[in-house]
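# Build me a structure from this.
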Amino acid sequence: MCSGDTNEAVQMLDILLEFFSNGAHWTRGRYHDGQGRYCLIGALHYLRRKHHVPSGPAVYFLQAALPRRTCGLVYFNDHRWRSFEELRAVIRRARAPALGEAERERAAAAVKRWLLAALKQEHTARLTGNEPPTSHTGPRAPGELALVDTERARSRQAA
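Below you'll find the predicted structure:
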């Protein structure tokens, strides 16, 4: 799943929580009742069209949040949930890993940008002949600086 997908999943799950906020818009047994109440799947379809946010990524996280041996979202909505609070709990359970995944993807994108900048800096230095005298060119990662200091201390102790 790409970062856009998890961001869209979080967005749709937030929209669902807001839409179903007090349970007045929730129904069972049909996608919608014609009076503004929707089952979970009906609400996903309705909100997808209304907000122009894909619902597929949210469905992935919702299905993962269901208890084991559940026959799917429709069955769970119509037969297993006894109250609106259970629906809200599943949406919140689905949101937690979606949000965590989005954070991991943002961090990975930041590392990728950093690495590409380091490579560009190294490439520019080679082209211009301004390479530093060390074997490592470009910026060092924060954890790498601590490792270099540790290695220097060990080599001094051994000498």
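
# Now tell me which helix or strand of the chain has the poorest mean pLDDT.
helix 142-158 (a mean of 59; mean pLDDT, DSSP states H and E).

# The residue lying closest to L47 once chain neighbours are set aside: neighbour count?
Nearest non-adjacent residue to L47, counting by Cβ to Cβ, 6 or more residues apart in numbering: I15, 5.2 Å away. (Each C-beta comes from the backbone N, C-alpha and C, glycine too.) Per other Cβ atoms under 10 Å, the neighbour tally for I15 reads 19.

# How far away from the center of its chain is the helix ranked longest in the chain?
Counting by DSSP state H, the longest helix found in the chain is helix 84-128. Its chain's C-alpha centre and that of helix 84-128 lie 8 Å apart, by Cα atoms, centre = their mean, to the nearest Å.

# Can you name every helix or strand that it contacts?
Secondary-structure packing of helix 84-128 (3 or more Cβ pairs under 8 Å, 6 or more residues apart in numbering; DSSP states H and E): helix 3-19, helix 56-65.

# Minimum distance to R113: which of the ones you listed has it?
Closest of these to R113 is helix 3-19, at 12.7 Å (criterion: Cβ to Cβ).

# And for that closest one, what's in contact with it?
25, 40, 43-44, 47-48, 51, 53-58, 60-62, 88, 91-92, 94-95, 98-99, 101-102, 105-106, 109 (Cβ atoms under 8 Å, 6 or more residues apart in numbering).

# Show me which of those are buried.
The neighbour-count test (16 or more other Cβ atoms under 10 Å) marks 25, 40, 43-44, 47-48, 53-55, 57-58, 60-62, 88, 91, 94-95, 98-99, 101-102, 105 as buried among those.

# what angle sits between the longest helix of the chain and helix 56-65?
Angle, helix 84-128 to helix 56-65, by axes from the mean of the first three to the mean of the last three Cα atoms, to 10 degrees: 120 degrees.

# What angle do helix 3-19 and helix 84-128 make with each other?
Using the same axes, to 10 degrees: helix 84-128 against helix 3-19 is 150 degrees.

# What mean pLDDT does helix 84-128 get?
Confidence over helix 84-128 (mean pLDDT, whole number) is 81.
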